[in-house]
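Enquirer: model the structure of this input:
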Amino acid sequence: MLDLIILSLHFFICFLISLAIWCGSEDVDSHSSSTGGAEMEPDGLIFIGKEEDIKKSQRITAKINGREIVVFYHEGKFHALDSRCYHEGGPLCRGEIEDIDGQACIVCPWHKFKITLETGEGLYEGINPLEPSPTPKWQSKGVKQRIHKVTIDNGNVYVSPPDLSVSFDSDYFAEMYKNGGELAMGK
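Expert: Modelled structure (predicted):
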């Protein structure tokens with residue numbers, strides 16, 4: 001009977017944590033700041049923020065036509081991608097950046113999926129069972145996360161609007177989280 005009570009309490013706590021994550025403020029992470037509405041420039045680029053500000057914070061979230069993106073500054077380069085993980089919509093703006101085989105990757109805080117900042121490829125560690133002594137190696141699942149082109153001009157950071165004629169796995173969650181960063185269920 002005590003096991004049943006403990007199990008019920010565990011599920012209730014997990015439910016409360018899930019509810020807090022889905023309904024909580026999207027700017028809880030101290031690394032991240034947010035720009036309300038991005039401004040479109042005459043050349044079609046969208047102003048994200050000042051270069052120095054993003055370098056200091058190392059990451060910033062912004063919206064492009066309601067789509068939430070995250071811009072990272074890592075090892076001297078800017079990278080922009082959809083802010084929700086292609087796997088289950090985890091908030092990549094709260095993830096840690098790791099070096100995997102010489103590639104900078106964001107690690108989704110929900111399920112630890114690894115995504116390259118440069119290309120949006122999903123990486124996994126696998127083995128070839130046909131090898132005499134198989135050792136795990138990092139391999140690509142292909143491009144799963146939409147990346148966005150970043151342009152720096154006169155100390156300002158701009159992102160090109162996404163080419164929606166090509167689809168990526170992350171598009172599903174980008175659409176679901178369009179309204180205020182919250183899951184738009186039936187809205």
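Enquirer: hey, let's count contacts and neighbours off CA atoms from now on
Expert: Fine.
Enquirer: what is the burial count for D99?
Expert: When counting by other CA atoms under 10 Å, one arrives at 10 neighbours for D99.
Enquirer: brain fart, H74
Expert: That count, for H74 with other CA under 10 Å as the rule, works out to 14.
Enquirer: from S160, how far out is the residue nearest to it when sequence neighbours are not counted?
Expert: Excluding the flanking residues, the one nearest H74 by CA to CA, 6 or more residues apart in numbering is Q58, at 6.8 Å. Going from Q58 to S160 by CA to CA, to the nearest Å gives 20 Å.
Enquirer: can you tell me how far the residue nearest the centre of the chain sits from I5?
Expert: The chain has L92 as the residue nearest its centroid, 2.9 Å off, counting by CA atoms, centre = their mean. Per CA to CA, L92 is found 35 Å from I5.
Enquirer: got it, and G120?
Expert: 43 Å.
Enquirer: neighbour count winner among those two?
Expert: Of the pair G120 and I5, G120 is the one with more neighbours under other CA under 10 Å, namely 24 against 9.
Enquirer: pretty sure that one sits against K141.
Expert: No. Using CA atoms under 8 Å as the test, G120 is too far from K141 to be in contact (10.1 Å).
Enquirer: identify the contacts common to these two.
Expert: Counting by CA atoms under 8 Å, 6 or more residues apart in numbering, G120 and K141 have no common neighbour.
Enquirer: how about the strands in this structure?
Expert: For the chain, applying DSSP state E gives strands covering 39-40, 46-50, 59-64, 67-74, 77-82, 96-100, 103-107, 114-116, 121-126, 137-143, 147-148, 150-153, 156-159.
Enquirer: comparing those, which gets the lowest mean pLDDT score?
Expert: Among those, strand 39-40 carries the lowest mean pLDDT, at a mean of 67.
Enquirer: any idea of the pLDDT on L4?
Expert: Reading off the model, L4 has pLDDT 67.
Enquirer: and stretch 130-140, end to end?
Expert: First-to-last residue span, stretch 130-140, CA to CA: 19 Å.
Enquirer: and stretch 131-140, by the same measure?
Expert: 19 Å.
Enquirer: swap in stretch 82-97?
Expert: 15 Å.
Enquirer: buried residues in it?
Expert: By neighbour count on 16 or more other CA atoms under 10 Å, the buried set for stretch 82-97 is 82-87, 89-95, 97.
Enquirer: for those, which one is nearest D153?
Expert: D82 (21.9 Å; CA to CA).
Enquirer: wait, what's in contact with the closest one?
Expert: Neighbour list for D82: R67, E68, I69, V70, Q145, R146, I147, H148, S170, D171, A174 [criterion: CA under 8 Å, 6+ apart].
Enquirer: export the strands of the chain to JSON lines and tack on distance to I13?
Expert: Formatted as JSON lines, the strands of the chain follow (distance: least, CA to CA, whole Å):
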{"stretch": "strand 39-40", "distance to I13": "41"}
{"stretch": "strand 46-50", "distance to I13": "37"}
{"stretch": "strand 59-64", "distance to I13": "29"}
{"stretch": "strand 67-74", "distance to I13": "29"}
{"stretch": "strand 77-82", "distance to I13": "29"}
{"stretch": "strand 96-100", "distance to I13": "25"}
{"stretch": "strand 103-107", "distance to I13": "25"}
{"stretch": "strand 114-116", "distance to I13": "27"}
{"stretch": "strand 121-126", "distance to I13": "30"}
{"stretch": "strand 137-143", "distance to I13": "34"}
{"stretch": "strand 147-148", "distance to I13": "35"}
{"stretch": "strand 150-153", "distance to I13": "41"}
{"stretch": "strand 156-159", "distance to I13": "40"}
